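Asker: I would like to see how this sequence folds:
(2 chains)
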Number of protein chains: 2
Amino acid sequence: MSDKALEYLRENRDRLLQRLNDFLSIPSVSTDSVHKEDVRKAAGFLEDYLSEIGFEKIKQIETKKHPIVYAEYTNAGPDAPTVLLYGHYDVQPVDPIELWESDPFQPEVRNDRLYARGASDDKGQVFMHLAVFEAMMKTEGALPINVKVCLEGEEEIGSENLYDMLHERKDLFQADFAVISDSGMVAKNQPTILYGLKGFTGIEITVTGPDHDLHSGMYGGAVRNPIMALSHILASMKDKDEVVTVDGFYDGVEALTDEERKLIEQVPGEDFRKATGITETVSEKGYTPKEHTMARPTFEVNGIFGGYQGEGTKTIIPTSATAKITCRLVPGQHPDDIQAALEAHVKKVAPKGVTVEVKREKLSAKAYKVEPTHPLIQKAAESYTKAFAKETVYVRMGGSIPVVEWIEDIYHIPIVLLGFGTPEDRLHSPNESFPLDSYDKGMETLVYYWNEVNKK
Amino acid sequence: MSDKALEYLRENRDRLLQRLNDFLSIPSVSTDSVHKEDVRKAAGFLEDYLSEIGFEKIKQIETKKHPIVYAEYTNAGPDAPTVLLYGHYDVQPVDPIELWESDPFQPEVRNDRLYARGASDDKGQVFMHLAVFEAMMKTEGALPINVKVCLEGEEEIGSENLYDMLHERKDLFQADFAVISDSGMVAKNQPTILYGLKGFTGIEITVTGPDHDLHSGMYGGAVRNPIMALSHILASMKDKDEVVTVDGFYDGVEALTDEERKLIEQVPGEDFRKATGITETVSEKGYTPKEHTMARPTFEVNGIFGGYQGEGTKTIIPTSATAKITCRLVPGQHPDDIQAALEAHVKKVAPKGVTVEVKREKLSAKAYKVEPTHPLIQKAAESYTKAFAKETVYVRMGGSIPVVEWIEDIYHIPIVLLGFGTPEDRLHSPNESFPLDSYDKGMETLVYYWNEVNKK
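Answerer: Model prediction:
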């Protein structure tokens, strides 16, 4: 079955690339109201394409901002599984525009890479799915699976309306599993299964002392210094071995199995020192930097401020000091519990003479993880390996993709992250691009995958 | 001897007040180049007045900025002591001008207070000395002591040129003791001997990690967070009992004697909670807030910054974090040693994975202290008590007056701080004023003092 579709993709390569270029040429920048109509135009492009392929019930679901493109294909029959295919057609702004070597909305191929805003994130990967569906429909007259398509226009601005829609329209989006192609591989041509993402939560701590900045000569010795108080609080939350010393923080965290540690070890690692300029890596006692970034929870102070920050000296005791903290969570940790544990700790260690306020971050998310041995994952791995002629590696990622957590939380279905991006794609930066090699092999992977998925 | 001078001051009160008003009307704002000529005009006023009184060798010593007014009186003879009288004729800017209830340079009496910029700091107090000299000369034809007058025009901008001049012209300024009236009493009509000032030094600590802000999901777990590293460093420098935990910090600090503790206890204390809005005072273990502010060294973080400081959340590991620290020192502590001890501590506790840089503050000063039992101090106390009809209290101050430390360091002479300001004078703020009551009683104190000083 696959051969014909692959042949179709080869024969129609130029035409399909031209069509992708048409899609990429639409400046669907979701954050900028100037591009409101462009975003809608990109949604229209998808509607047209889905219609041509043979999808049904195609519609733009209106939201408070940009529409969600919905479509479905049910002709694989009631025995075939239904996949929820998620992607997004909005893109990041292009600033600073002067750093682009070619127009971000006039796609250009250089060194076998397609340069354009959205080439990798995520219009390119969305298009690959549609092209594969086209190839299958044109050559076989049918798809091997049922499909519900959910393509949003607000991913780059927080997916707030999608969040509501996923809750409100469970009838519409319910499926057997989900596939998302909005991520990458650990290295170009290195098939990568992303089987875990971290969750996310945060708090902001503000320590307040005197009601105005004080003369340190007049009041030093009578008044608790809010910056020093905050330093004591922060220092009590994570020790020098990078172990979080907050009661309950690690409660419920799954122990890392030997098997998983082996998987992690096999992932070609980024050279952290080279990428960041640090003198040496530091990670939680008992874990390698790769293990900690991928599979252990983290606690980071993202920002701190208080008192005088200008040139030279100002001899004050400042009125207050604030620290912003976020944590990346792993399976077993619930954001609400973590926030409660952090707040309880802060209140417990707060020294006398100051007032300590904790503000909880609203946008939290649980971690996501699927078993690497799950048949849907194994089939994805095999499809990758067949297309890229290389063994697949399994990785967990330190980052968070909120939509993944939402789909799991609301629909309780497995999610397969089939990403084809590469670390060199420069997402969100000038000169975003996507390797044509990955474009071709990625579609080949999808052809194999859809055919495999339907096999019992 | 005193009676005639006091009578003269009473009889000429209106005329002298008018003359003070003329002096205060000159906007001698040293920091603002617009007022360059006004500053010179104020110096000219002093020259004229000193000449009228009968001072000799009057001159404006030119500096890189504003002149120092010098004059001397040597007719008390070789057996009488010579006093170096220091003061300053420059004033702070008046911004925000809209908060003044009367023109800062059109002196006005309201509620028995003279409102004008410089009324208390320091033109008013300088004028009191000159009026007392006038009264003595007019009534006795001589002063009971020899005098060298040093009135600078750059106190409000750091006295940098005075510092050089005090070093270069030791011949000119050498004296047996110094008197400075540029401070205040702990409460209105509460005679106050300020017999100790704290010294001052500082450092700035910068912790640098990655060479750019990092995505906390990609690198959290591999990279030391500079803010957390800085928090650990700061928290290791002063404990929750407000004890500085830096090796060598307290080396050489004189123990507080029971006698001195009694003196401190007798000082009418400011209500720290009311003045600052704090929930409760906090001071070094074993010392009261008054003892700590007056007589124990302090360590304050004046400012801290690093990473994201805007609204909401930014999930980064920041490239660096900086803290500004200043210490107030007591006798026995040398600023250089303290800086070295702080830097050694920081280097010792700096965690791996980050680079820690320590910048030393240049403008440091040792503490100053004179024995409260010194005859020159005792005579001052008696003069105060006689004029104000109240027992004198003895205080040490948490603040620093650099010129005091310089005079002691260069000339090795006792310094008597004869301040007449009150806590309500609003120095450096809108609506600066000086009580006419303190003006009269202050001059009375000076008349007694100069007569007492010459008595064996």
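Asker: From here on, just use CA atoms for contacts and neighbour counts.
Answerer: OK.
Asker: what's the closest non-adjacent residue to residue A:126?
Answerer: Nearest in space to residue A:126, with sequence neighbours left out and distances taken as C-alpha to C-alpha, 6 or more residues apart in numbering or on different chains, is residue A:87 at 5.9 Å.
Asker: quick one: secondary structure of that neighbour?
Answerer: Put simply, residue A:87 is strand when judged by DSSP: H, G, I helix; E, B strand; the rest coil.
Asker: Residue A:196 against residue A:368, yeah?
Answerer: Yes. Applying C-alpha atoms under 8 Å, one finds residue A:196 in contact with residue A:368, separated by 5.4 Å.
Asker: so what's the residue lying closest to residue A:32 once chain neighbours are set aside up against?
Answerer: Excluding its sequence neighbours, the residue lying closest to residue A:32 (C-alpha to C-alpha, 6+ apart) is residue A:93, at 7.7 Å. With contact set as C-alpha atoms under 8 Å, 6 or more residues apart in numbering or on different chains, residue A:93 has these partners: A:29, A:31, A:32, A:428.
Asker: Next: residue A:3.
Answerer: Counted by C-alpha under 8 Å, 6+ apart, residue A:3 has zero contacts.
Asker: check which helix or strand covers it.
Answerer: Secondary structure from DSSP states H and E places residue A:3 in helix A:2-11.
Asker: Dump the C-alpha coordinates for that helix into CSV.
Answerer: Extracted in CSV, the C-alpha atoms of helix A:2-11 (Å, rounded to 0.1, in the frame of the first residue of the first chain):
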residue,chain,number,x,y,z
SER,A,2,2.8,2.4,0.9
ASP,A,3,4.7,2.2,-2.3
LYS,A,4,2.0,3.9,-4.4
ALA,A,5,1.6,6.8,-2.0
LEU,A,6,5.4,7.3,-1.8
GLU,A,7,5.6,7.2,-5.6
TYR,A,8,2.9,9.9,-5.8
LEU,A,9,4.8,12.1,-3.3
ARG,A,10,8.0,11.7,-5.4
GLU,A,11,6.2,12.5,-8.7
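Asker: how far is that helix from where the chain is centred?
Answerer: 31 Å (C-alpha atoms, centre = their mean, to the nearest Å).
Asker: For stretch A:241-249, measure first residue to last.
Answerer: The first and last residues of stretch A:241-249 sit 15 Å apart, counting by C-alpha to C-alpha, to the nearest Å.
Asker: ok, how many other residues are close to the closest residue to residue A:215 other than its chain neighbours?
Answerer: Nearest non-adjacent residue to residue A:215, counting by C-alpha to C-alpha, 6+ apart: residue A:316, 4.9 Å away. Counted with other C-alpha atoms under 10 Å in any protein chain shown, residues neighbouring residue A:316 total 24.
Asker: wouldn't residue A:316 be in contact with residue A:219 here?
Answerer: No. Contact criterion C-alpha under 8 Å: residue A:316 and residue A:219 do not qualify, at 9.0 Å.
Asker: which ones are touching the most centrally placed residue in chain A?
Answerer: Note on chain A: the residue nearest the mean C-alpha position is residue A:401, at 3.3 Å, using C-alpha atoms, centre = their mean. Residue A:401 sits next to residue A:197 when contact means C-alpha under 8 Å, 6+ apart.
Asker: which residue packs closest to the residue of chain A most remote from its centre, ignoring adjacent ones?
Answerer: For chain A, the largest distance from the centre (C-alpha atoms, centre = their mean) belongs to residue A:218, which lies 51.6 Å off. Nearest-residue entry for residue A:218: residue B:398, 5.3 Å, with adjacent residues in sequence omitted and distances by C-alpha to C-alpha, 6+ apart.
Asker: what does residue A:193 give?
Answerer: Closest to residue A:193 by C-alpha to C-alpha, 6+ apart is residue A:394, at 4.7 Å.
Asker: Could you confirm the one you found falls within a strand?
Answerer: Yes. Assessed by three-state DSSP, residue A:394 belongs to a strand.
Asker: Just the pLDDT for it.
Answerer: Residue A:394 is assigned 92 on the pLDDT scale.
Asker: you'd agree it is up against residue A:262?
Answerer: No. Residue A:394 lies out of contact with residue A:262 (C-alpha under 8 Å); the separation is 10.0 Å.
Asker: neighbour-wise, which of these two wins?
Answerer: Using other C-alpha under 10 Å as the criterion, residue A:394 and residue A:262 rank with residue A:394 on top: 23 against 10.
Asker: how far away is that one from residue A:19?
Answerer: On the measure of C-alpha to C-alpha, residue A:394 and residue A:19 end up 33 Å apart.
Asker: which bits of the stretch 51-200 of chain A sit near chain B?
Answerer: residue A:198 (C-alpha under 8 Å from any C-alpha of the partner chain).
Asker: which regions of the stretch 51-200 of chain A lie under the pLDDT threshold?
Answerer: Nowhere does the stretch 51-200 of chain A drop to pLDDT under 70.
Asker: swap in the stretch 351-456 of chain A?
Answerer: A:456.
Asker: Name the residues of it found near chain B, please.
Answerer: A:351, A:352, A:353, A:354, A:355, A:361, A:397, A:398, A:399, A:400.
Asker: May I ask which of the residues you listed has the most neighbours?
Answerer: Greatest neighbour count in these, by other C-alpha under 10 Å, goes to residue A:398: 30 neighbours.
Asker: ok, that residue - contacts?
Answerer: Residue A:398 neighbours (C-alpha under 8 Å, 6+ apart): A:197, A:198, A:293, A:294, A:295, A:328, B:216, B:217, B:218, B:219, B:220.
Asker: phi, psi of the first one?
Answerer: According to degrees, to the nearest 10, the main-chain angles of residue A:197 amount to phi -130, psi 150.
Asker: How about the contacts made by it?
Answerer: A:330, A:367, A:368, A:369, A:396, A:397, A:398, A:399, A:400, A:401.
Asker: Tell me how many other residues surround the first one.
Answerer: By the other C-alpha under 10 Å criterion, the neighbourhood of residue A:330 contains 28 residues.
Asker: ok, now the second one?
Answerer: Using other C-alpha under 10 Å as the criterion, residue A:367 is surrounded by 27 other residues.
Asker: hang on, isn't it packed against residue A:253?
Answerer: No. Between residue A:367 and residue A:253 there is no contact under C-alpha under 8 Å: 10.8 Å.
Asker: what does stretch A:409-419 rub up against?
Answerer: Contacting residues not belonging to stretch A:409-419 are listed as A:166-167, A:170, A:174-185, A:192-195, A:370, A:376-377, A:380, A:404, A:407-408 [C-alpha under 8 Å, 6+ apart].
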